[in-house]
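Visitor: Model the following, please.
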Amino acid sequence: MPASKRDHTVLFTPGPTEVAPDILREMGRPIIGHRGIEMQDLIRDLVPRLRGLFGTRGYDVFLTACSATGLWEAALRNCVTRRVLVPVCGAFSERFYEVAVACGLEADPLHVEWGKAVRAQAVADLLATGRYDAIALVHNETSTGVVNPLPEIAEAVRRQSDVLLLVDAVSSLGGIPVEVDRNDIDVCLASVQKCLALPPGFSVCAVSPRALERSARRVGKGYYFDFIRLKSCFDRSTPMATPSVSHMFALRAQMKRIETEGLDARYARHRAMADLTRAWAAGRLGLFAEERARSNTVTCVANTRGIDVARFVAGLVARGFGISNGYGRLKEATFRVGHMGDHTVEEIRDLLAAMDEVLKEMAA
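Guide: Next up is the predicted model:
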């Protein structure tokens, strides 16, 4: 159904994104006890499905009732013993660095110009100094629409046997290949409100045996996000603490939906939606991300015409569409379109037509 005919603003923001009605209905299922056989069965159903999504055969998978920010802390507290390198190429990777510092860890930023991708060689050069035992990478920087070259960076990390690779896949998991096993990622984390198209407030992560070994030697890592404690619970198919049962119902339904579509088809659909959006932006305004690093899940449009972004966004809301302005210091310089989750190419066409209408109205 076109957004203009729905009873709410349809979200094309880069998270949270639109949630399908049948998935929302799953959130309304009667609650089950979290210490009984029904919960064990639910976890036993979810974990292998999530392994397939992450691209891992045997990593431990944990489900947590928190935003991905909590799993940033988990990855850092469990896996950093000496010093962590954090490539900073936008607002969220900058925050990943800030969280490392707030956790009392030794951390160094690798600053990259916003709109450009992290260079694997720059990572390799710094890791070769031997100062670091972990790197914390944002795969897809939601604030700038940049996707970092994960396979190349992973190869640089692989050359240093004692460096763990911690990856934020918040706006890529389910929309862009992550391939945990192939890229030797030690912790891969994501929240569910972006490419997985679920309501916000829940996160998942895949954790390698190396990360668990590191965690077992760590002290002062807290309780709720202790990987060893989490593993002891999920090995018995039980949550560590009270979970968001409703999210787990919705996640099971969404995983079945993703499997029906197929990951390759899902990635192709995201790429097609991105191509349409990028073509629209290039023809009317501009693109903020460099050409070789443009994300297939979020496009950051450069405001080259100096339009009133707030008025533009409001004009779209009046037509039933929600997008986002620029993030942080890019608030007026850009706006962002999320083409992720369960959106279709036709829905993107409807959005772009509405964007043309608003631009024409603003120019009148």
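Visitor: nearest residue to G286 other than its sequence neighbours?
Guide: Of all residues not flanking G286 in the chain, A302 sits nearest, at 3.7 Å (C-beta to C-beta, 6 or more residues apart in numbering). Quick note: C-beta positions are derived from backbone N, CA and C, even for glycine.
Visitor: give the contact list for that neighbour.
Guide: A302 makes contacts with A281, L285, G286, L287, F288, A333, T334, as judged by C-beta atoms under 8 Å, 6 or more residues apart in numbering.
Visitor: Strands of the stretch 101-250 of the chain, residue ranges please.
Guide: Taking DSSP state E, counting those that start in this stretch, the strands of the stretch 101-250 of the chain run over residues 107-111, 134-138, 140-141, 146-147, 164-168, 187-191, 203-207.
Visitor: Direction included, what does the fifth one pair up with?
Guide: Strand 164-168 has its sheet partners listed here by DSSP bridges as strand 134-138 (parallel), strand 187-191 (parallel).
Visitor: how about those strands in TSV, adding distance to D342, mean pLDDT and mean neighbour count?
Guide: Shown next, in TSV, are the strands paired with strand 164-168 (distance: least, C-beta to C-beta, whole Å; pLDDT from 0 to 100; neighbours: other C-beta atoms under 10 Å):
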stretch	distance to D342	mean pLDDT	mean neighbour count
strand 134-138	23	99	27
strand 187-191	16	98	29
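Visitor: Looking at these, spot the one closest to L164.
Guide: Distance to L164, taken as C-beta to C-beta, is lowest for strand 134-138 among the strands paired with strand 164-168, at 4.5 Å.
Visitor: and that closest one with strand 107-111, angle?
Guide: Here strand 134-138 points in a direction 40 degrees away from that of strand 107-111 (axes from the mean of the first three to the mean of the last three C-alpha atoms, to 10 degrees).
Visitor: mind saving the C-alpha coords of strand 134-138 as CSV?
Guide: The C-alpha trace of strand 134-138 is given here as CSV (Å, rounded to 0.1, in the frame of the first residue of the first chain):
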residue,chain,number,x,y,z
ALA,A,134,41.7,-5.4,19.4
ILE,A,135,40.2,-3.2,16.7
ALA,A,136,36.6,-2.0,16.9
LEU,A,137,35.2,-1.3,13.4
VAL,A,138,31.8,0.1,12.3
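Visitor: Which residues does that strand contact?
Guide: Under C-beta under 8 Å, 6+ apart, the answer for strand 134-138 is 72, 75-76, 79-80, 83-87, 89-90, 92-93, 96-97, 100, 118, 123, 127, 148, 150, 153, 157, 163-168, 170.
Visitor: swap the cut-off to 6 Å and go again
Guide: Applying C-beta atoms under 6 Å, 6 or more residues apart in numbering, the contact partners of strand 134-138 are 79-80, 84-87, 92-93, 96, 157, 164-168.
Visitor: cool, and stretch 19-32?
Guide: With C-beta under 6 Å, 6+ apart as the test, stretch 19-32 has contacts from E38, A197, P199, V245, S246, F249, A250, A253, Q254, D342.
Visitor: now stretch 155-164
Guide: 79, 120, 123-124, 127, 132-135, 165, 184, 186, 211.
Visitor: if we take those residues, which one ends up nearest to M273?
Guide: Nearest member of the contacts of stretch 155-164 to M273, counting by C-beta to C-beta, is A120, at 27.2 Å.
Visitor: Just give the closest residue to that closest one, not the sequence neighbours.
Guide: The shortest distance from A120 to any non-neighbouring residue, by C-beta to C-beta, 6+ apart, is to E152 (3.8 Å).
Visitor: now V99
Guide: Nearest non-adjacent residue to V99, counting by C-beta to C-beta, 6+ apart: W72, 4.9 Å away.
Visitor: and the closest residue to A293 other than its chain neighbours, backbone torsions?
Guide: Leaving aside its sequence neighbours, A293 sits nearest to A117 (C-beta to C-beta, 6+ apart; 3.6 Å). The phi/psi pair for A117 (degrees, to the nearest 10) reads phi -90, psi 160.
Visitor: got the buried residues for the strand or helix carrying G283?
Guide: G283 is part of helix 263-284 when elements are defined by DSSP states H and E. For helix 263-284, a neighbour-count test (16 or more other C-beta atoms under 10 Å) marks R266, Y267, R269, H270, M273, A274, D275, L276, T277, R278, W280, A281 as buried.
Visitor: how near is A272 to K231?
Guide: 39 Å (C-beta to C-beta, to the nearest Å).
Visitor: now G33
Guide: Taken as C-beta to C-beta, the span from G33 to K231 is 22 Å.
Visitor: which of the two has more neighbours?
Guide: K231 (17 against 9; other C-beta atoms under 10 Å).
Visitor: which residue packs closest to the more buried one, ignoring adjacent ones?
Guide: Excluding its sequence neighbours, the residue lying closest to K231 (C-beta to C-beta, 6+ apart) is D60, at 5.4 Å.
Visitor: And the helices in the chain?
Guide: When assigned using DSSP state H, the helices of the chain occupy the ranges 21-27, 37-54, 68-79, 91-102, 120-127, 150-158, 209-217, 227-234, 245-261, 263-284, 309-317, 345-363.
Visitor: The ones you listed into JSON lines, with extra columns for distance to E141 and mean pLDDT?
Guide: Putting the helices of the chain into JSON lines (distance: least, C-beta to C-beta, whole Å; pLDDT from 0 to 100) gives the following:
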{"stretch": "helix 21-27", "distance to E141": "26", "mean pLDDT": "97"}
{"stretch": "helix 37-54", "distance to E141": "20", "mean pLDDT": "98"}
{"stretch": "helix 68-79", "distance to E141": "13", "mean pLDDT": "98"}
{"stretch": "helix 91-102", "distance to E141": "6", "mean pLDDT": "98"}
{"stretch": "helix 120-127", "distance to E141": "15", "mean pLDDT": "98"}
{"stretch": "helix 150-158", "distance to E141": "12", "mean pLDDT": "98"}
{"stretch": "helix 209-217", "distance to E141": "23", "mean pLDDT": "98"}
{"stretch": "helix 227-234", "distance to E141": "25", "mean pLDDT": "98"}
{"stretch": "helix 245-261", "distance to E141": "23", "mean pLDDT": "98"}
{"stretch": "helix 263-284", "distance to E141": "15", "mean pLDDT": "98"}
{"stretch": "helix 309-317", "distance to E141": "19", "mean pLDDT": "98"}
{"stretch": "helix 345-363", "distance to E141": "21", "mean pLDDT": "97"}
